[in-house]
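1. just a sequence and a predicted model for now, questions to come.
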Amino acid sequence: MKLTPRERFNRSMQFLSTDRLPLLYWGAWDDTRRRWEKEGMTDYKKEFAGFDGPMQVCWLYSQFQGPIPPFEEKTLQETEEYADKQNYVGQVVRTFKQHTSMPYFMEYPVKSRSDWNKYRKRLDPSSHGRYPENWELLVRKRKAEQSGEIRGLAVWGFYAFPREMFGPEKLSLMFYDDSSLIMEMNEYWADFSIRRLKRAVEEMDFDYALIWEDNCYNHGMLHSPKIFQDFMAPFYRKLIDFFRKNGVEIISVDSDGNVSELIPLLLDVGVTALHPFEVAAGMDVVKIGRDYPQLQIWGGIDKRVLARGPRAIDAELERVILPMKKRGGYATGLDHGIPSDVSLENHRYYVKKLREMSYS
């Protein structure tokens, strides 16, 4: 049988038979793209044409859920090595010019209850700008399309949202120093997200909802299970109930790092999927797939092996693809973006081999 990417993805997430595994991709770092251009790449999109789509299809995300009016995006300081900029969220971020890296967050917009009371005025779910100007056209195209593209909508989760306001260090203290404020903020965020997305789920059919958290690091969670149960679980249940009542059955959480302790907590509140399963943090999707047979799994292929050449790529794909193909409920993909030590030749080999091995 020949399936569209959407049909393939949804059947796989239901543990049903497919023509092959869904193939999802992370993009390449800017450094990687520049390297590939030097090595002969002429069309970046073409390098991913053999996939079913990106790991994250984030409709109505970023500015659509952010403050309106947004904070002025401006450069505060700039040198040959870096630039300090205020972004639309109100954070001050240092980015480095010579290489791709995680940005350094220098300042966050909320420092007190007074700041939050001012900030929440910018979080009105009915503000003009919560939907793109061509939303109605997008809905019509979605209903008429024949390509069967995968579509997901995204929202910050209930660790991610207060962290984006306070920063991780301040938030860690706030759970204890002003727990009522964090509860108030997450309650507001749940209601805001539901009201903001109500029109979307009523007018357009989405294949999944993505909740971005990044609440783990390489050794485990950035907060305790009790913090999750007290400050996040009630709002997860409320948001997931809203998605389910509107036909969105696949709920995936995005967190890098070691998610071992997080998985049962998420399953308990109704999350069905998780990604990207960072191998360097000890994540083994084959083992996790055995331990949690109901979990929908995306990713888990070690991005680091792409730099080592065909033999290492073959071994990693055999480790992951063969057992996960038998298990089902799996969408292939790397465990994050493609770093700059990966040659264009090795990436093309990975794509070719991945496609060959994905077929039933």
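-> In hand now; what should we look at?
2. I'd like to know how many residues surround the nearest residue to F175 once chain neighbours are set aside.
-> Nearest non-adjacent residue to F175, counting by Cβ to Cβ, 6 or more residues apart in numbering: I227, 5.6 Å away. (Glycine included, C-beta is placed from N, CA and C.) Residues lying near I227 (other Cβ atoms under 10 Å) number 20.
3. correct me if wrong, but I227 is in a strand.
-> No. Assigned with DSSP: H, G, I helix; E, B strand; the rest coil, I227 falls outside any strand and is helix.
4. give me the pLDDT value at it.
-> We have a pLDDT of 98 for I227.
5. again, but for the one 4 residues further on
-> In the prediction, the pLDDT value recorded for F231 is 98.
6. which of the helices or strands spans the nearest residue to it once chain neighbours are set aside?
-> Nearest non-adjacent residue to F231, counting by Cβ to Cβ, 6+ apart: I182, 5.7 Å away. Take DSSP states H and E as the rule and I182 turns out to sit in helix 179-203.
7. may I see the buried residues of that helix?
-> 181-183, 185-186, 189-190, 192-194, 196-197, 199-201 (16 or more other Cβ atoms under 10 Å).
8. same check, this time on stretch 67-77
-> Under 16+ other Cβ under 10 Å, the buried positions of stretch 67-77 are 67-68, 71.
9. after the helix or strand of the chain with the lowest mean pLDDT, next one along is what?
-> Lowest on mean pLDDT, DSSP states H and E among the helices and strands of the chain sits helix 135-144, with a mean of 91. Next in sequence after helix 135-144, counting helices and strands by DSSP H and E, comes strand 152-156.
10. export that following strand as CSV, just CAs?
-> The C-alpha coordinates for strand 152-156 follow below in CSV (Å, rounded to 0.1, in the frame of the first residue of the first chain):
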residue,chain,number,x,y,z
GLY,A,152,0.7,19.7,14.5
LEU,A,153,0.1,22.7,16.7
ALA,A,154,2.3,23.7,19.5
VAL,A,155,2.3,25.4,22.9
TRP,A,156,4.7,26.0,25.8
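11. ok, residues contacting that strand?
-> 56-61, 65, 164, 189, 193, 197, 200-201, 206-213, 239, 248, 252 (Cβ atoms under 8 Å, 6 or more residues apart in numbering).
12. what's the PyMOL line that selects buried ones from the residues you listed?
-> Of those, the buried ones go into a single PyMOL selection, burial set by 16+ other Cβ under 10 Å:
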select buried, resi 56+57+59+60+61+65+164+189+193+197+200+201+206+207+208+209+210+211+212+213+239+248+252
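13. in strands, which of the contacts of strand 152-156 appear?
-> 208-212, 252 (DSSP state E).
14. neighbours of the closest residue to N346 other than its chain neighbours, just the number please.
-> Nearest-residue entry for N346: L306, 5.2 Å, with adjacent residues in sequence omitted and distances by Cβ to Cβ, 6+ apart. Neighbour count for L306, taken as other Cβ under 10 Å: 22.
15. just use 43 as the starting number from now, easier for me
-> Happy to do that; since the first residue is 43 now, the last one works out to L348.
16. quick check: L348 touching I380?
-> Yes. The criterion here is Cβ atoms under 8 Å, and L348 meets it with I380 at 6.7 Å.
17. tell me the confidence at the residue most central in space within the chain?
-> When Cα atoms, centre = their mean is applied to the chain, the residue found nearest the centroid is D296 (4.3 Å). D296 carries a pLDDT value of 98.
18. likewise E229?
-> 98.
19. repeat for A354
-> For A354, pLDDT reads 98.
20. for the one 4 residues further on, same thing?
-> In this model, E358 is scored at 98, pLDDT.
21. any idea where the helices of this structure begin and end?
-> Using DSSP state H, the helices found in the chain span residues 47-55, 72-80, 155-161, 177-186, 202-208, 210-219, 221-245, 267-269, 275-287, 304-311, 327-333, 352-369, 386-400.
22. and for the third one, what's in contact with it?
-> So that's helix 155-161. Against helix 155-161 from outside (Cβ under 8 Å, 6+ apart): 109, 132, 151-152, 207, 220, 223, 226-227.
23. list just the nearest of these to W71.
-> G132 (26.2 Å; Cβ to Cβ).
24. quick check: phi and psi on the residue nearest to the closest one when sequence neighbours are not counted?
-> Computed as Cβ to Cβ, 6+ apart, the closest residue to G132 that is not its neighbour in sequence is P151, at 3.2 Å. Note on P151: backbone dihedrals following degrees, to the nearest 10 are phi -80, psi -20.
25. many thanks, have a good one.
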